[in-house]
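Student: here is my input; please provide its structure:
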Amino acid sequence: MTTLRYFVGLDIAAETFMAAIGTTPWKLLVRAKQFPNSSDGFQQLSQWLREQQCALDQTVLCMEATGVYGEALAYYLVAQKYAVAIEPPLKVKRAFKPQGPKTDAVDSEQIAEYACRYSDELMLWQPPSELVEQLQVLLTTREQLVQQSTAHQNALRALRRKAVRIAFAEQVYEQMLAETKTRIKALEKEIQRLIDQHPTAHRLLIWLMTIPGVGLLLATHVLVLTQCATRPFPSAKLAAHLGIAPLPHESGTSVYAHPTSRHFGPSLPRKLLHLAARSVSTHDEHFRAYYERKVAEGKAKKLVLNNVANKLVRIICAILENQTEYDVNYQGTRKPALAKD
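Tutor: Residues are numbered from 1 along each chain as shown. Next up, the predicted model:
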């Protein structure tokens with residue numbers, strides 16, 4: 001890529017978005033301008049950038065991850081061959097002192113400044129494949145229905161404990177529970193159908209589901225997280241992204257805490273991975289032996305389960321790299337350590 005000269009900060013709202021342009025060394029060239037968050041607004045932005053003489057190969061447009069609000073704009077810009085970066089809002093926020101006015105115009109100018117200051121760290125965004133996008137929507141929809149089902153179950157349980165029972169209200173919740181469960185099963189069938197239509201994804205799913213504790217949902221989340229990749233995927237990177245990688249916390253001689261995970265990341269695959277770790281620690285011979293040995297050594301059960309989850313992540317990444325099913329008798333090979341002088 002040609003050296004970047006122009007940095008466009010985009011602050012996205014539901015109906016409109018603001019755009020500001022800066023250059024390096026940091027200087028605000030064009031103050032924020034408002035555009036409609038629609039196809040007409042996208043075309044107006046493209047025309048405005050040409051009027052400002054922002055060369056296509058010297059410009060990067062940066063926005064915060066705002067979910068569906070900025071999705072259409074990101075797709076449009078990539079289709080127009082612009083470089084697009086979508087950054088975590090918290091990362092952008094921490095780059096500036098919490099002082100001064102807070103408006104959409106100011107935010108867009110700060111995003112432009114952030115893109116300039118951290119241009120070497122920007123990860124250019126590319127739209128996921130249609131399959132990955134569809135699977136993500138179906139998984140999210142299923143999780144929302146599961147949460148609704150749990151709420152209905154809790155409400156029904158409370159109604160049944162009341163001194164005065166109301167049969168009609170209980171019947172309504174029972175019907176909603178039955179309908180929700182039917183829709184959840186339909187979503188799972190649709191997930192399976194979509195994957196079966198794509199040979200590569202279908203092959204990866206079959207291999208992943210040979211791993212103890214890994215079912216359709218967890219395997220599908222892995223496909224989404226790795227973008228159905230057939231290339232090697234670092235297990236440490238995936239574990240860190242999921243928020244289960246133990247990280248040290250110490251400073252000098254007075255500050256020390258046991259390594260712990262950061263406790264944030266994509267919550268649903270992390271939950272499924274934790275459930276898988278609990279399952280194999282109970283039902284799988286090899287994982288159960290490891291779990292019981294570590295607990296007998298005095299390790300906390302929660303810590304051991306996190307270790308099991310990390311083992312599962314390493315196995316998942318090894319399956320993706322080796323392009324084969326799980327082999328319980330597989331023995332990895334390690335290079336011998338160099339002798340110390």
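
Student: which outside residues touch stretch 292-306?
Tutor: 244, 246, 261, 274, 277-278, 281, 290-291, 307 (CB atoms under 8 Å, 6 or more residues apart in numbering). (Glycine included, C-beta is placed from N, CA and C.)

Student: helices - which of the residues you listed land there?
Tutor: Among these, the ones falling in helices (DSSP state H) are 274, 277-278, 281, 290-291, 307.

Student: what lies in contact with the helix-or-strand element of the chain with minimal mean pLDDT?
Tutor: Every helix and strand of the chain was ranked by mean pLDDT, DSSP states H and E. The lowest is strand 255-260, at a mean of 73. With CB under 8 Å, 6+ apart as the test, strand 255-260 has contacts from 246-250.

Student: quick one on the thing from earlier: now the contacts of stretch 292-306: which count as buried?
Tutor: 244, 261, 274, 277-278, 281, 290-291, 307 (16 or more other CB atoms under 10 Å).

Student: dump those residues to CSV, plus pLDDT.
Tutor: Shown next, in CSV, are these (pLDDT from 0 to 100):
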residue, pLDDT
244, 88
261, 73
274, 94
277, 96
278, 96
281, 96
290, 95
291, 95
307, 93
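
Student: now for these: which two are most distant?
Tutor: Maximum pairwise distance among these (CB to CB): 18.8 Å, between 261 and 290.

Student: quick revisit: could I get the ones in helices among the contacts of stretch 292-306 as CSV with distance to residue 314?
Tutor: Listed next are the ones in helices among the contacts of stretch 292-306 as CSV, based on distance: CB to CB, whole Å:
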residue, distance to residue 314
274, 16
277, 12
278, 18
281, 16
290, 13
291, 16
307, 11
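
Student: mind checking the longest strand of the protein?
Tutor: Taking DSSP state E as the assignment, the strand of the chain that covers the most residues is strand 27-36.

Student: does anything pack onto it? Which helices or strands?
Tutor: strand 6-12, strand 16-23, helix 39-51, helix 104-117 (3 or more CB pairs under 8 Å, 6 or more residues apart in numbering; DSSP states H and E).

Student: all strands for the stretch 151-300 of the chain, in order.
Tutor: For the stretch 151-300 of the chain, the strands defined by DSSP state E, counting those that start in this stretch cover 247-251, 255-260.

Student: point out where the stretch 1-150 of the chain drops to low pLDDT.
Tutor: Residue ranges of the stretch 1-150 of the chain with pLDDT under 70: 1-2.

Student: list the buried residues for the longest strand of the chain?
Tutor: 28, 30, 32-35.

Student: kindly report the same for stretch 119-127.
Tutor: 122, 125.

Student: how is the protein divided into domains?
Tutor: 6-117, 130-197, 224-249+258-322 (automatic domain parsing).

Student: now those in a markdown table, with distance to residue 205?
Tutor: Formatted as a markdown table, the domains of the chain follow (distance: least, CB to CB, whole Å):
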| stretch | distance to residue 205 |
| --- | --- |
| domain 6-117 | 26 |
| domain 130-197 | 5 |
| domain 224-249+258-322 | 9 |
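
Student: was I right to think residue 58 contacts residue 6?
Tutor: Yes. Shown here, residue 58 and residue 6 form a contact pair, counting by CB atoms under 8 Å, at 5.8 Å.

Student: so those two - more neighbours on which side?
Tutor: residue 6 (23 against 16; other CB atoms under 10 Å).

Student: any idea how far residue 155 is from that one?
Tutor: Distance of residue 6 to residue 155, given as CB to CB, to the nearest Å: 55 Å.

Student: how many residues are close by the closest residue to residue 246 other than its chain neighbours?
Tutor: Closest residue in space to residue 246, ignoring its immediate chain neighbours: residue 259 at 3.8 Å, by CB to CB, 6 or more residues apart in numbering. By other CB under 10 Å, 11 other residues sit near residue 259.
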